[in-house]
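S.K.: Quick check, what structure comes out for this input:
(2 chains)
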Amino acid sequence: GAGVSQTPSNKVTEKGKYVELRCDPISGHTALYWYRQSLGQGPEFLIYFQGTGAADDSGLPNDRFFAVRPEGSVSTLKIQRTERGDSAVYLCASTRDGNEQFFGPGTRLTVL
Amino acid sequence: AQSVSQHNHHVILSEAASLELGCNYSYGGTVNLFWYVQYPGQHLQLLLKYFSGDPLVKGIKGFEAEFIKSKFSFNLRKPSVQWSDTAEYFCAVNSLTDSWGKLQFGAGTQVVVTP
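M.R.: Residues are numbered from 1 along each chain as shown, chains lettered A, B, ... in the order given. Reported below is the predicted structural model:
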């Protein structure tokens, strides 16, 4: 079956611009997670959805970051007024039972 | 602060050598423990996990890990590595006092196996 997909695979933007990153989880997975992975680091938790609601957004670094999951499936991570420090790989993962998170390929964001 | 530490950032070894990667965590309560692997050009995928029971857990591709509660450790081992084990390995922890499934990862260990 299809795994977690993320689009775009690469995004290059200029400082100050707005970007949206999309995640399509595995069908039927109610929980969805966003992580950010900077160079040389492990993934860092950003936000967790259970269904349509954000159950834990404690990892979002500031109010420029926002994520939605309006129908409990696809999720979009939105970053306003991008900064060079936002450059990273943004990973999405989903799970049905919490035993294993299935990760997508990530979106590599570069802010010039 | 809660943290996950992986002792080695880079490991280079020859085929057939034994591998052991260290992982320590600083959470005080009950935890679920994971090792994830990322092969070159591929997604992160689960290698093995520990929730409860036998502290020696076996995963895919001949890997195993041992949970030692008194040492807050979950070290990964493989008796004889192959060239195809070249990858980055991440230890991850989910604290049961934290959000369901939320993972905190170590910085990762890049393993290179030479023929």
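
S.K.: How much space separates B:K58 from B:S84?
M.R.: Distance from B:K58 to B:S84, counting by Cβ to Cβ, to the nearest Å: 18 Å. C-beta coordinates here come from the backbone N, C-alpha and C atoms, glycine included.

S.K.: Also B:L47?
M.R.: As judged by Cβ to Cβ, B:L47 and B:S84 stand 13 Å apart.

S.K.: give me the residue from chain B nearest chain A.
M.R.: With Cβ to the nearest Cβ, the shortest gap between chain B and chain A falls at B:F105, namely 3.2 Å.

S.K.: Now do the same contact list for the nearest residue to that residue once chain neighbours are set aside.
M.R.: Counting by Cβ to Cβ, 6 or more residues apart in numbering or on different chains, B:F105 lies nearest to A:G42, which is 3.2 Å off, once chain neighbours are set aside. When the contact criterion is Cβ atoms under 8 Å, 6 or more residues apart in numbering or on different chains, the partners of A:G42 are B:V4, B:Q6, B:F90, B:A92, B:F105, B:G106, B:A107, B:G108.

S.K.: and A:G42, what helix or strand is that in?
M.R.: Secondary structure assigned from DSSP states H and E places A:G42 in neither a helix nor a strand.

S.K.: all strands of chain B, in order?
M.R.: In chain B, the segments counted as strands under DSSP state E are B:4-6, B:10-14, B:19-21, B:23-25, B:31-38, B:44-50, B:56-58, B:64-68, B:73-78, B:87-95, B:104-105, B:109-114.

S.K.: which bits of chain A sit near chain B?
M.R.: By the rule Cβ under 8 Å from any Cβ of the partner chain, the part of chain A lying against chain B is A:3-4, A:31, A:33, A:35, A:40-45, A:48, A:50, A:55-56, A:58, A:91, A:93, A:95, A:98-101, A:103-106.

S.K.: what's in contact with stretch B:5-14?
M.R.: In this structure, residues lying in contact with stretch B:5-14 by Cβ under 8 Å, 6+ apart are A:40, A:42, B:19, B:21-26, B:81, B:89-91, B:106-115.

S.K.: how deep is the nearest residue to A:G85 once chain neighbours are set aside tucked in, by neighbour count?
M.R.: Using Cβ to Cβ, 6+ apart and skipping residues adjacent in sequence, the residue nearest A:G85 is A:V111, 7.8 Å away. Neighbour count for A:V111, taken as other Cβ atoms under 10 Å in any protein chain shown: 19.
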